[in-house]
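Trainee: Prediction below, plus the sequence it came from.
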Amino acid sequence: MAEDIKDQNCELKAKLPAKYDWYQTEQAVVVTVLVKNVKEEFLKVNISESIVRIDITLPDFEAFTLSFSLSRKIVPDQSSYKLTPSKVEIKLKKLEGVQWDKLEGTSATEGIKTIPKDPIPQLSGPPSYPTSKKGKDWSAVEKEIKKQEELEKPEGEEAINKLFQEIYGKGSDEVKRAMNKSYMESGGTVLSTNWDEISKEKVQVKPPDGMEFKKWHE
């Protein structure tokens, strides 16, 4: 009976909303898996010279696996992956500096097809990259990645620092002088943008409530 309940719970798990695409440069093939909020502990990436496998095991979703039998060999020791809150990006170092006609399976290319070092520039729009699908608009995928990254809002101290940076970058000379003077004279406990007020006298140290300010040698 307990086994039946366990099986039912497994069936209720949703499929992980993830999709992938790929592009290539002269030296590498880059596979991008668009998936949100995956922590390192739930991710496993295995890279060999001809096979790449990605396993994601989030508690609330069915186990997710992607496995690629690569059309050409790579150099595993010089390949790597990067995890962000919106994607997993896997960079595969090519064994040969040739263009892949597809990501998986046996390459249909006869002989070596060298990638030109100076490609013909596009007249307008973002650069287009060869992909696993003929005519695939990689720019659309790239825009979606950027959109996901923009939604990753900083929190806590990181958010405060970003706000101060934006104020300083967009502020007038007086705002910048006020911020610099108040921060330096107060030992980092005061940050003001009001130059008329800050310029009149030395800014006093104002530690947070319940804390006492001491110099480093005290």
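Mentor: Structure received. Numbering: from 1, shown residues only.
Trainee: From residue 185, how far out is residue 173?
Mentor: Per CB to CB, to the nearest Å, residue 173 is found 18 Å from residue 185. C-beta here means a position set from N, CA and C on the backbone, and glycine is covered the same way.
Trainee: higher neighbour count, the two?
Mentor: residue 185 (16 against 8; other CB atoms under 10 Å).
Trainee: Find the residue closest to the more buried one in space, skipping its chain neighbours.
Mentor: Counting by CB to CB, 6 or more residues apart in numbering, residue 185 lies nearest to residue 203, which is 4.1 Å off, once chain neighbours are set aside.
Trainee: Burial check on that neighbour, number of neighbours?
Mentor: Applying other CB under 10 Å, we find 20 residues neighbouring residue 203.
Trainee: Repeat that for residue 81.
Mentor: A count of neighbours around residue 81, defined by other CB under 10 Å, yields 16.
Trainee: can you check the one 5 residues further on too?
Mentor: Residue crowding around residue 86 was assessed by other CB under 10 Å; the count is 21.
Trainee: Check residue 206 too.
Mentor: Using other CB under 10 Å, residue 206 has 12 neighbouring residues.
Trainee: Quick check, residue 186 in contact with residue 205.
Mentor: Yes: using CB atoms under 8 Å, residue 186 is in contact with residue 205, at 5.2 Å.
Trainee: you'd agree residue 42 is up against residue 56?
Mentor: Yes: with contact defined as CB under 8 Å, residue 42 reaches residue 56; the gap is 6.0 Å.
Trainee: So between these two, which is more surrounded?
Mentor: For residue 42 versus residue 56, the count of surrounding residues by other CB under 10 Å is larger for residue 56: 21 against 15.
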